[in-house]
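Participant: Build me a model from this:
(one chain, ligands or ions: 1)
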Amino acid sequence: MNRHFQLEQDDSGLAWLHFDMADSPVNLLSMETLDALDQALINAAQLHPRGLVLLSDKPGGFLAGADVRSFAGIEAPEQAGEPIRKAQRVFSRLENFSFPSLALIHGHCLGGGAELALACTYRIAEADSTRIGLPEVRLGIFPGFGGTARATRIMGSWNAMKVMLGGRAWRARPARRLGLVDLVVPERQLRHAARQLLRERPTPHRPPWWNPLLESPPGRLLAAELFRRQVAKRARPEHYPAPYRLIEHWRRTVGDFDAMLDGEAKEVPELIHGDTAQALIRAFLLQERLKDEGKKSDFTARHVHVVGGGVMGGDIAAWCALRGLRVTLQDQGARQLRRAIGRAHALFAKRLRDPRLATEAGDRLIPDPRGYGAARADVVIEAIFEDLAAKQALYAELEPRLRADALLATNTSSLPLERLGERLAQPERLVGLHFFNPVARMQLVEIVAGKATDAGIAARAAAFARAIGKLPLPVASRPGFLVNRMLMPYLLEAVTLFEQGVPGSVIDRAATDFGMPVGPIELADRVGLDICLRVTETLSEHFPLKTPSALAERVATGRLGQKSGQGFYAWRHAHPQKPPAGREWKSQARRRELSDRMILRMLNEAVACLREGVVADADLLDAGAIYGTGFAPFRGGPMHYIHRRGLHTIERRLRELEKHHGEQFHADSGWHALAS
Ligand code: NAI
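Facilitator: Model prediction:
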């Protein structure tokens, strides 16, 4: 019937509208598909069906949301207003049909997808695969296709705001408890359940009895304040305005359907056009770019062998088992293996919740002290001590036993692949898979290619990283790769400030004011000061980095940070005890000066990395910074930030800092190339 939709009517008089967006692996709402949907709805109504079922023919899900690409780089709010008004009109047509409609949901049903589903009379979700939600706040906006109006009307304000402010994707059963879907059924019963529901036509879901209290004028004032406090724990209004604007929009318009639609159509385009949403949309697209890096090879691994069951190897093995791979874990020490397996079980219990699934994951992780698994594995990951001779000796023993097509990967954080591979018979198969600590939390994995590394092997390594749910970032085998290289100057500047008498809490606050997720002093304590020192020492062989004595002294006296209970801070119950700072540190201007010192060193290093070709382009650099160092996502990454704040402004600022604080601020020669 049209390129994106197929309409059929069955013997019982039901119309079935199949969404299968042409030339796209997932269904998206764009101007084109909205027009097609509108036309399909008009045609459906002409059949005078007994009911209409909306479903997707894509295996991955119902509808992934609005086409985010179309929001990037818009020049005026009006540009974003057009698709919003259009979607509102089309969804209202669906809602106002004289016959009931039903969304038959499987897989992803997010953003605009959930808003479309909410415009139907009923929603049925497949029990296992469904992930439904309104994650717009994560992109710096809020639902604009009638989502705020319909979510509050159907679920009630409390649950609707929980879904919209949290931005989570919900599984089917909790979504049913929230009122986001009406019925949860296994896949084989989806169509049957749809027919039955449209035959019985029960009263659609309504909010709880106390909802009117919440939406009364005093209720709104109180609830808005509560919502704001909840949000303030996670996001500051000056960094992330969207959730605050949503709360205000709700307070002003809730209960008046048309006012809510108008409010959306006015507010959302302004937000989309704003700096935060544009930077977050950029971060989202960068993430897609990293995912694409994992699609350059169709390599699939079933069995992973990990050598070294310490902090990193143990957690990498656990993560791979969690993600469904069979894993053998080798270590020379029985105690290390026991500890690693213990940590793995805690991870399975926490992440999988279901004891049956946790047991299955446990069964996939096999302690293998003698390393038999290496001969059968598709991927072998080495994560033993950071010692060139030890690693080379291990490879000499491993290489003859590996399968001809197996990947040999190292988790080294500082040794050049060229040196590590120099005794291998096939150095082209050695690749770096640089995971970050804590493995379960850090999304990024650097895919390190040495001079000898075969491009196909690097592509396979990226596909492997993607398959276990990580974001692969291809980097050159340069000292520190990308993430540590950018992070260290920033951390060292923070430690230097600390040495100069600035309280740790003030330094950390300056960084979080900028938008970093945790301050650098706390971060150093969390990572471990011994590890920071080791990385600094390795990097300082190649770059003019000075090791602050505050760092070396602490390591020498065993004050290693969180793991030893004392570092820059004393640690209690996994929390740093930050002594309060004196009044003289209250000034925001002073904190800005501090954050400039730390952040500009990172920016300078970013420019150097780009000049040296550590990553292929500025976008990959920004992606690495956001997903590897936590660089404030709403600033869009270091390069984006440099261009927004102004190249020359920053260069000038570097010169000032160099004059006052020393040559560590000397502008890299890469700034010239950037300017031209
Ligand atoms: P670790 O000291 O916690 O663990 C190393 C493990 O390897 C120990 O359990 C040891 O018994 C075992 N081992 C040593 N030689 C072995 C051999 N020949 N055969 C079998 N097992 C052997 O070290 P960690 O921190 O896990 O580091 C491992 C690797 O990961 C290093 O290359 C390090 O640079 C890298 N890395 C470390 C990060 C961190 O934050 N700790 C972050 C990213 C990479």
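Participant: Next to the ligand in this structure, residues from this protein, please.
Facilitator: 307-313, 330-333, 336, 383-386, 390, 394, 411-413, 435-437, 531 (C-beta under 6 Å from any ligand atom). In this view, the C-beta of every residue, glycine as well, is placed from N, C-alpha and C.
Participant: make it 5 Å
Facilitator: Within the chain, the positions lying close to the ligand (C-beta under 5 Å from any ligand atom) are 308, 310-312, 331-333, 336, 383-386, 394, 411-413, 437.
Participant: which parts of stretch 400-419 are buried?
Facilitator: 402, 406-417 (16 or more other C-beta atoms under 10 Å).
Participant: out of the residues you listed, which one sits closest to residue 9?
Facilitator: Using C-beta to C-beta, residue 407 is the member of those that lies nearest residue 9, at 52.2 Å.
Participant: what about burial for the residues of the chain next to the ligand, which qualify?
Facilitator: 308, 311, 312, 331, 336, 383, 384, 386, 394, 411, 412, 413.
Participant: Isn't the fifth one up against residue 314?
Facilitator: Yes. Proximity of residue 336 to residue 314 meets the contact threshold set by C-beta atoms under 8 Å, at 7.2 Å.
Participant: which residues touch the residue in the stretch 551-676 of the chain that the ligand sits nearest to?
Facilitator: The nearest approach of the stretch 551-676 of the chain to the ligand comes at residue 563, 10.4 Å away (C-beta to the nearest ligand atom). If a contact means C-beta atoms under 8 Å, 6 or more residues apart in numbering, then residue 563 has residue 528 as its contacts.
Participant: Make residue 1 into 7 and carry on from there
Facilitator: Fine by me, first position is 7 from now on; the one you just mentioned is residue 569.
Participant: ranges for the helices of the stretch 457-606 of the chain?
Facilitator: Ranges of helices in the stretch 457-606 of the chain, per DSSP state H, counting those that start in this stretch, are 461-473, 489-505, 510-520, 526-533, 535-546, 555-562, 594-618.
Participant: Run the chain-centre distance for the following helix or strand past the last one.
Facilitator: Tracing the chain past helix 594-618, the next element assigned as helix or strand by DSSP states H and E is helix 624-630. Taking the mean C-alpha point of helix 624-630 and that of its whole chain, the gap between them comes to 14 Å (C-alpha atoms, centre = their mean, to the nearest Å).
Participant: Quick one: mean pLDDT for helix 624-630?
Facilitator: Mean pLDDT, helix 624-630: 98.
Participant: picking up where we left off before, dump the helices of the stretch 457-606 of the chain into CSV; add mean neighbour count, distance to residue 428 and mean pLDDT as well.
Facilitator: CSV is the format used below for these (neighbours: other C-beta atoms under 10 Å; distance: least, C-beta to C-beta, whole Å; pLDDT from 0 to 100):
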stretch, mean neighbour count, distance to residue 428, mean pLDDT
helix 461-473, 22, 17, 98
helix 489-505, 23, 23, 96
helix 510-520, 22, 40, 96
helix 526-533, 24, 30, 96
helix 535-546, 20, 18, 92
helix 555-562, 16, 30, 96
helix 594-618, 20, 22, 96
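Participant: so which of those comes closest to residue 239?
Facilitator: Evaluated with C-beta to C-beta, the helices of the stretch 457-606 of the chain place helix 510-520 nearest to residue 239, the distance being 13.1 Å.
Participant: Name the helix or strand for residue 292, please.
Facilitator: According to DSSP H and E, residue 292 maps onto helix 281-299.
Participant: Next up, the contacts around the residue of the chain found nearest the ligand.
Facilitator: With C-beta to the nearest ligand atom, the shortest gap between the chain and the ligand falls at residue 316, namely 1.8 Å. Contact partners of residue 316, counting by C-beta under 8 Å, 6+ apart, are 337, 342, 346, 389, 390, 391.
Participant: quick one: it and residue 371, what's the gap?
Facilitator: Residue 316 sits 15 Å away from residue 371 when distances are taken as C-beta to C-beta, to the nearest Å.
Participant: Could you pull up the contacting residues of residue 97?
Facilitator: Residue 97 makes contacts with 121, 122, 125, 151, 152, as judged by C-beta under 8 Å, 6+ apart.
Participant: Generate a PyMOL selection restricted to the buried subset of these.
Facilitator: Buried members of the contacts of residue 97, defined by 16+ other C-beta under 10 Å, are picked up in PyMOL with:
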select buried, resi 121+122+125+151+152
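Participant: Output the contacts of residue 97 as CSV; include the columns secondary structure.
Facilitator: Putting the contacts of residue 97 into CSV (DSSP: H, G, I helix; E, B strand; the rest coil) gives the following:
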residue, secondary structure
121, helix
122, helix
125, coil
151, coil
152, coil
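Participant: Make JSON lines out of the contacts of residue 97 and add pLDDT and distance to residue 282.
Facilitator: Below are the contacts of residue 97 laid out as JSON lines (pLDDT from 0 to 100; distance: C-beta to C-beta, whole Å):
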{"residue": "121", "pLDDT": "98", "distance to residue 282": "21"}
{"residue": "122", "pLDDT": "98", "distance to residue 282": "26"}
{"residue": "125", "pLDDT": "98", "distance to residue 282": "28"}
{"residue": "151", "pLDDT": "98", "distance to residue 282": "20"}
{"residue": "152", "pLDDT": "98", "distance to residue 282": "23"}
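Participant: Reformat the contacts of residue 97 as JSON lines; add distance to residue 325.
Facilitator: Listed next are the contacts of residue 97 as JSON lines, based on distance: C-beta to C-beta, whole Å:
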{"residue": "121", "distance to residue 325": "34"}
{"residue": "122", "distance to residue 325": "35"}
{"residue": "125", "distance to residue 325": "39"}
{"residue": "151", "distance to residue 325": "37"}
{"residue": "152", "distance to residue 325": "40"}
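Participant: ok, residue 118 touching residue 32?
Facilitator: No. Here residue 118 lies out of contact with residue 32, judged by C-beta under 8 Å, at a distance of 12.0 Å.
Participant: Can you pick out the residue with more neighbours from these two?
Facilitator: A direct count of neighbours by other C-beta atoms under 10 Å for residue 118 and residue 32 places residue 118 higher, at 30 against 17.
Participant: How about residue 576: what's its closest non-neighbour residue?
Facilitator: Nearest residue to residue 576, sequence neighbours excluded (C-beta to C-beta, 6 or more residues apart in numbering): residue 583, at 4.6 Å.
Participant: Let me fix that, I meant to ask about residue 571.
Facilitator: residue 577 (5.3 Å).
Participant: Please apply the same query to residue 169.
Facilitator: residue 140 (5.4 Å).
Participant: And the one you found, how close does it get to residue 124?
Facilitator: For residue 140, the distance to residue 124 - C-beta to C-beta - is 9 Å.
Participant: can you list residues touching both of these two?
Facilitator: With C-beta under 8 Å, 6+ apart as the test, residue 140 and residue 124 both reach 153, 157.
Participant: Who has more neighbours out of those two?
Facilitator: Taking neighbours as other C-beta under 10 Å, residue 140 and residue 124 compare with residue 140 leading, 31 against 26.
Participant: Distance of that one relative to residue 165?
Facilitator: From residue 140 to residue 165 the distance is 11 Å (C-beta to C-beta).
Participant: Residue 415 now?
Facilitator: On the measure of C-beta to C-beta, residue 415 and residue 165 end up 45 Å apart.
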